[in-house]
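In: my questions are about this predicted structure, shown below with the sequence.
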Amino acid sequence: MHIGILQTGHAPEALQPEHGLYSDLFETLLAGRGFDFTTWNVVDMEFPESATAADGWLVTGSRHGAYEDLPFIPPLEDFLRKAYEAQIPIVGICFGHQILAQALGGRVEKFAGGWAVGRQVYDWGGEPVALNAWHQDQVVEKPQQAERIATHPFCENAALLYGDRAFTVQAHPEFAAPYIEGLITHRGDKVPDDLLTKARHGLTEPVENARLADSISRFFTERRI
């Protein structure tokens, strides 16, 4: 199955030698599951020819806000609406979660409650699921057609399911502990010290990235999580 990765931001340069690009993190997360990948750097205005150029679309995270006045955001929203209408499965992570919600009528804001960084435990249909996060923006109003399937006291719309068309998550299943540690070092300057300290303490605690990889894979191949 051919998965198109829509890269909406660039990984911190300091982390690229060890960890690669955001697209590399997702290829590693989903390795061995029968997928082949092509990456389009939509953040640099590099878009696929059509919404049917891949069998599924994966929208990455980004340091940008979905609400920002940036050249790539309107065409990305338009592309995602076309893919959604064409019933090409879409998976969105962090910014990808936010931009799809915004494109389909939801609302994204820089959350007044501040940042979520490092390991967070989400309520996933009554079951705790631990994942790493790194965000201040979030979906504050979900689109009407989206079902909330995971939540957190800090982040009400932590994961959304749009029937068999899209599955999006605010957290980062592609981020393992070494990547969070790198973000603390290289992108932690705007995050309060107490949150960085808590995130450091959580680096040795387990997260369930493999579980989310299973869900993403099932969604692409079977349209269910």
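Out: Thanks, I have it. Numbers count the residues shown, from 1 in each chain.
In: need the strands for the chain, in chain order.
Out: Taking DSSP state E to define them, one finds strands in the chain at 2-6, 36-40, 56-59, 90-93, 107-110, 116-124, 127-135, 137-141, 147-150, 159-162, 166-169.
In: I'd like those as TSV, with mean pLDDT appended.
Out: As requested, those are exported to TSV (pLDDT from 0 to 100):
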stretch	mean pLDDT
strand 2-6	98
strand 36-40	98
strand 56-59	99
strand 90-93	99
strand 107-110	97
strand 116-124	98
strand 127-135	98
strand 137-141	98
strand 147-150	98
strand 159-162	98
strand 166-169	98
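In: so residue 184 is in contact with residue 196, correct?
Out: Yes. Using C-beta atoms under 8 Å as the test, residue 184 is close enough to residue 196 to be in contact (5.4 Å). (Glycine included, C-beta is placed from N, CA and C.)
In: what is in contact with those two at once?
Out: Shared contacts of residue 184 and residue 196 (C-beta atoms under 8 Å, 6 or more residues apart in numbering): residue 117.
In: and residue 115, how far from residue 185?
Out: Going from residue 115 to residue 185 by C-beta to C-beta, to the nearest Å gives 16 Å.
In: the two: who's more crowded?
Out: residue 115 (19 against 13; other C-beta atoms under 10 Å).
In: unless I'm mixing things up, the more buried one is touching residue 135, no?
Out: Yes. Taking contacts as C-beta under 8 Å, residue 115 lies within contact range of residue 135: 7.2 Å.
In: give me the common contacts of the two.
Out: By C-beta under 8 Å, 6+ apart, no residue touches both residue 115 and residue 135.
In: partners of the nearest residue to residue 42 once chain neighbours are set aside in the sheet?
Out: Counting by C-beta to C-beta, 6 or more residues apart in numbering, residue 42 lies nearest to residue 6, which is 4.9 Å off, once chain neighbours are set aside. Taking DSSP bridges, one finds residue 40, residue 59 as the beta-bridge partners of residue 6.
In: pretty sure residue 6 contacts residue 56?
Out: No. Using C-beta under 8 Å, residue 6 makes no contact with residue 56, being 10.9 Å away.
In: more crowded one of the two?
Out: Higher neighbour count among residue 6 and residue 56: residue 6, with 27 against 20, using other C-beta under 10 Å.
In: quickly note the distance from that one to residue 71.
Out: Counting by C-beta to C-beta, the gap from residue 6 to residue 71 is 15 Å.
In: again, but for residue 219
Out: From residue 219 across to residue 71, the span is 30 Å (C-beta to C-beta).
In: work out which residue lies at the spatial centre of this structure.
Out: When C-alpha atoms, centre = their mean is applied to the chain, the residue found nearest the centroid is residue 93 (1.1 Å).
In: could you verify my assumption that it touches residue 168?
Out: Yes. Residue 93 is within contact range of residue 168, at 7.3 Å (criterion: C-beta under 8 Å).
In: give me the common contacts of those two.
Out: In contact with both residue 93 and residue 168: residue 59, using C-beta under 8 Å, 6+ apart.
In: about what we covered before: specify which residue of residue 219 and residue 71 has the higher count of neighbours.
Out: Between residue 219 and residue 71, residue 219 has the larger neighbour count (other C-beta under 10 Å), namely 20 against 10.
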